[in-house]
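Q: my questions are about this predicted structure, shown below with the sequence.
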Amino acid sequence: MKRALGIAAVALLAAGAFEPFYLRMFFADRARMNAAFTELPYSKAPGLRRFYADVSQRTPLGSRVAIAAQWMRWEGGYEYVYARAMYPLAGRDVIALVGPDDAPRPLGDAEWIAGYRSEPHVDGFTTVWRSEDGTLLRRTR
Amino acid sequence: MIAALLVILAATLLGIPVAGKRLGLAFVIGLAACTLILMIPIPWSRTWLAIAYLVLLAVGWTMRRPRFERPRKPDAIVLVLLVVGAIELTGYILLATVAPLWEFDFLSDWGLKGRVFALAHGIDWTFLQHATYRATHADYPPMIPLAFDLVAIVNGAWDDRAIGLLYPAFAVAGALIAYGAAREEVGERWAALIAVILLPLCATPWIGLADGPFAIAVLGAIVLIRKDEVALGAVLAGCAALMKNEGFALIVALAIAMAFAKKKPWRLWPAVALALPWIVLKRLHGIEGDIGQGSLLTRVFERLQAPGEIVRLLGTYAPHRWLLWVGLALALVLVGKRERFAVTTLALQLAAYIAVYFATPHDVTWHIRWSWERLVTHVWPALAFVLLVALTKDRNVGPALSRPQ
């Protein structure tokens, strides 16, 4: 009985540890997976990944970029857009315009405003680039 | 790197004279050493990194020379198991490199810090001091982001697809540690089987996060200290503390379990010595974690009065791998007592994680939902290893696969 239970335990551990998904990778469409996984972190905001890639090309390292969006409530979509700006815009100071308490935060000395699917009107800033995914504003004074 | 590790794994299992366990450990410790080099103010270039690493290697060599083994005749069963492991590993490599790393925690924490440090050519303390977003965790230890930077330095540029290769490398390191350690106790066939069983547990699905590498460090620490190789085991525990804050829980858990087992816990000092610089540095730069924020004791007392909700959430969000759970439970009943030290350490480790849920300043449901599934996997390779070794040492089970001498 003990022998059978011991062998059953080894078999259960082997079967339980086994990860069939890694075997399925041999038959997966890698190009399709690549496209899906690349977009996955940004999937709730279509075009967001492409927008930040564009913004990153147009703003220098070390600059201060404020993030605006069509949703300006923290848990109503703003956090999603803001949190996903930090990695593609690494090397820049990424500024949130809303806090977790939904209170507006000051622009401070931001030099740029990246507006996802939005074009904020802010004194002292002018739109320097726009696409279907959003706009980029630059401080003029 | 992957190719080299695959060759090493194959060579080890085929009995070619390389030291399997030592090589797995060397990968983890070597990576930790490289990341420590990146914490000192040297230029971030391949040349400087190579010079600094060679100096470290020379010091290490004089302190402890590796032992090589005599070649053995390859065994057919081991060969078959090697092929099974290689197939699983190849599938994992395909996954780890299928796309730029996609986990949110990579983009907001581990990968973000790695990329910022790569641009700054050092730990960017100003960034960490201003990283107030809750998922960035400025206080987390730096080994994993710096390991990403190592890949970037060797690669010549930041490439978040190439970083994915670190994860199969860690999985191979885990399998090598398991194989080498098990072979000393249960023979090469069972050891090969144990390594193949453990490989997918070492191959974390959370590529780009610290949980997989951390689980390998836990495995190494437990495997070594269990066999009374405390100094090297403590170094592995120190590596764990350089990867995740949970490493500090591991050091405390090891100390308590060693005290119970009369193993002189103060011999864990290398773990503390490795963990200490980060604690001091983050204090000096005013970087704090979020768990202690606000009225911690009030939160704990409130949640202790109704612990049922936390218990329910732990059940809901635990990984739904029922075969593995049943296997672990059955093995614990059968042979758990024989592995009291390892089981105690890992139980204390999990208990520390659960205690944090009672203290968290965040919404408990949110915290458990987004962490418990990963945290549980920290103990799986080590727990499965000790239980499998104990089961196969059992005279009722072991002889089935033993190789005739």
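A: Cool, the structure landed. Keep in mind that what you see is a predicted model, and the values were worked out from it rather than measured. Numbering: from 1, shown residues only, chains lettered A, B, ... in the order given.
Q: domain-wise, how is the chain divided?
A: The chain I'm using is chain A. According to automatic domain parsing, chain A comprises the domains A:2-40, A:46-139.
Q: actually chain B
A: Residue ranges for each domain of chain B read B:2-281, B:290-401, as given by automatic domain parsing.
Q: what's the mean pLDDT across stretch A:133-141?
A: Regarding stretch A:133-141, the rounded mean pLDDT is 94.
Q: as CSV, the domains of chain B with distance to chain A would be great.
A: All C-beta spots, glycine's among them, are computed from the backbone N, C-alpha and C. Formatted as CSV, the domains of chain B follow (distance: least, Cβ to the nearest Cβ, whole Å):
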stretch, distance to chain A
domain B:2-281, 3
domain B:290-401, 3
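Q: check the ones you listed for me and report the most buried one.
A: Mean neighbours per residue, mean count of other Cβ atoms under 10 Å in any protein chain shown, is largest over the domains of chain B for domain B:2-281, with a mean of 20.
Q: check the offset of that domain from the chain's centre.
A: Relative to its chain's centre, domain B:2-281 lies at 6 Å (Cα atoms, centre = their mean, to the nearest Å).
Q: what residue is smack in the middle of chain A?
A: residue A:84 (2.3 Å; Cα atoms, centre = their mean).
Q: for residue A:104, give me its contacts.
A: By Cβ atoms under 8 Å, 6 or more residues apart in numbering or on different chains, residue A:104 lies in contact with A:72, A:97, A:98.
Q: who does the last one bridge with?
A: Counting by DSSP bridges, residue A:98 is bridged to residue A:104.
Q: right, and it touches residue A:78 too?
A: Yes - assessed by Cβ atoms under 8 Å, residue A:98 is found in contact with residue A:78 at 5.0 Å.
Q: between the two, point out the one with more neighbours.
A: residue A:78 (23 against 20; other Cβ atoms under 10 Å in any protein chain shown).
Q: distance check, that one against residue A:49.
A: 17 Å (Cβ to Cβ, to the nearest Å).
Q: find the residues that touch each one of residue A:98 and residue A:78.
A: Joint contacts of residue A:98 and residue A:78 (Cβ under 8 Å, 6+ apart) are residue A:72.
Q: after the helix or strand containing residue B:23, next one along is what?
A: Secondary-structure element containing residue B:23, defined by DSSP states H and E: helix B:20-39. Once the chain leaves helix B:20-39, the next helix or strand it forms, by DSSP H and E, is helix B:46-63.
Q: pull the following helix or strand past that following helix out as CSV, backbone CA atoms only.
A: Helices and strands here follow DSSP H and E; after helix B:46-63, the next one along the chain is helix B:76-96. In CSV, the C-alpha atoms belonging to helix B:76-96 read as follows (Å, rounded to 0.1, in the frame of the first residue of the first chain):
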residue,chain,number,x,y,z
ALA,B,76,19.9,4.9,-21.9
ILE,B,77,17.2,5.9,-19.4
VAL,B,78,19.0,9.1,-18.6
LEU,B,79,19.4,9.8,-22.3
VAL,B,80,15.6,9.5,-22.8
LEU,B,81,14.9,11.8,-19.9
LEU,B,82,17.4,14.3,-21.3
VAL,B,83,15.5,14.4,-24.6
VAL,B,84,12.2,14.9,-22.7
GLY,B,85,13.7,17.8,-20.7
ALA,B,86,15.3,19.3,-23.8
ILE,B,87,11.9,19.2,-25.6
GLU,B,88,10.2,21.0,-22.7
LEU,B,89,13.0,23.5,-22.5
THR,B,90,12.9,24.3,-26.2
GLY,B,91,9.2,25.0,-25.9
TYR,B,92,9.9,27.3,-23.0
ILE,B,93,12.6,29.1,-25.0
LEU,B,94,10.1,29.6,-27.8
LEU,B,95,7.7,31.2,-25.4
ALA,B,96,10.3,33.4,-23.6
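Q: against which helices or strands is the very next helix or strand once past helix B:76-96 packed?
A: Sequence order places helix B:104-105 as the next helix or strand after helix B:76-96, per DSSP H and E. Applying 3 or more Cβ pairs under 8 Å, 6 or more residues apart in numbering or on different chains; DSSP states H and E, we find helix B:104-105 packed against no helix or strand.
Q: C-terminal to helix B:104-105, what's the next element?
A: Sequence-wise, the next helix or strand downstream of helix B:104-105 (DSSP H and E) is helix B:111-120.
Q: if we look at the following helix or strand past that next one, which residues are touching it?
A: Moving toward the C-terminus from helix B:111-120, the next helix or strand (DSSP H and E) is helix B:125-130. Residues outside helix B:125-130 that contact it (Cβ under 8 Å, 6+ apart) are A:93, B:113, B:116, B:120, B:138, B:282, B:285, B:286, B:287.
Q: the helix or strand following helix B:125-130 packs against which elements?
A: With elements assigned by DSSP H and E, the helix or strand that comes after helix B:125-130 is helix B:143-155. For helix B:143-155, the packing partners by 3+ Cβ pairs under 8 Å, 6+ apart come out as helix B:20-39, helix B:46-63, helix B:111-120, helix B:166-186, helix B:211-226, helix B:230-243.
Q: looking at those helices, which has the lowest confidence?
A: Among the helices and strands packed on helix B:143-155, helix B:46-63 scores lowest, at a mean of 81.
Q: what is that one packed up against?
A: Counting by 3+ Cβ pairs under 8 Å, 6+ apart, helix B:46-63 packs on helix B:20-39, helix B:143-155.
Q: any chance of JSON lines for those, columns distance to residue B:346?
A: Shown next, in JSON lines, are the helices and strands packed on helix B:46-63 (distance: least, Cβ to Cβ, whole Å):
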{"stretch": "helix B:20-39", "distance to residue B:346": "18"}
{"stretch": "helix B:143-155", "distance to residue B:346": "21"}
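Q: out of these, the one nearest residue A:40 is which?
A: For residue A:40, the closest of the helices and strands packed on helix B:46-63 is helix B:143-155, at 19.2 Å, according to Cβ to Cβ.
Q: picking up where we left off before, is it true that the residue nearest to the centre of chain A touches residue A:40?
A: No - contact criterion Cβ under 8 Å: residue A:84 and residue A:40 do not qualify, at 11.1 Å.
Q: picking that back up, which of the helices and strands packed on helix B:46-63 sits closest to residue A:111?
A: Residue A:111 lies closest, by Cβ to Cβ, to one member of the helices and strands packed on helix B:46-63: helix B:143-155, at 26.7 Å.
Q: taking helix B:211-226 as reference, get the angle to the closest one.
A: 110 degrees (axes from the mean of the first three to the mean of the last three Cα atoms, to 10 degrees).
Q: tell me the angle helix B:143-155 makes with helix B:166-186.
A: Using the same axes, to 10 degrees: helix B:143-155 against helix B:166-186 is 110 degrees.
Q: what residues does helix B:143-155 touch?
A: Against helix B:143-155 from outside (Cβ under 8 Å, 6+ apart): B:31-32, B:34-35, B:38-39, B:44-46, B:49, B:110-111, B:113-115, B:117-118, B:123, B:158-159, B:162-163, B:165-166, B:209-210, B:213, B:239, B:242-243.
Q: quick check: mean pLDDT of it?
A: The model assigns helix B:143-155 a mean pLDDT of 94.
Q: output that helix as PDB, restricted to C-alpha atoms.
A: What follows is helix B:143-155 as a C-alpha-only set of coordinates in PDB (Å, rounded to 0.1, in the frame of the first residue of the first chain):
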ATOM      1  CA  MET B 143      19.500  42.200  -8.900                       C
ATOM      2  CA  ILE B 144      16.900  41.400 -11.600                       C
ATOM      3  CA  PRO B 145      16.800  44.900 -13.200                       C
ATOM      4  CA  LEU B 146      20.600  44.800 -13.200                       C
ATOM      5  CA  ALA B 147      20.600  41.300 -14.700                       C
ATOM      6  CA  PHE B 148      18.600  42.800 -17.600                       C
ATOM      7  CA  ASP B 149      21.300  45.500 -17.900                       C
ATOM      8  CA  LEU B 150      23.900  42.800 -18.100                       C
ATOM      9  CA  VAL B 151      22.100  41.400 -21.100                       C
ATOM     10  CA  ALA B 152      22.000  44.900 -22.600                       C
ATOM     11  CA  ILE B 153      25.700  45.500 -22.000                       C
ATOM     12  CA  VAL B 154      26.700  42.100 -23.500                       C
ATOM     13  CA  ASN B 155      24.100  42.600 -26.300                       C
END
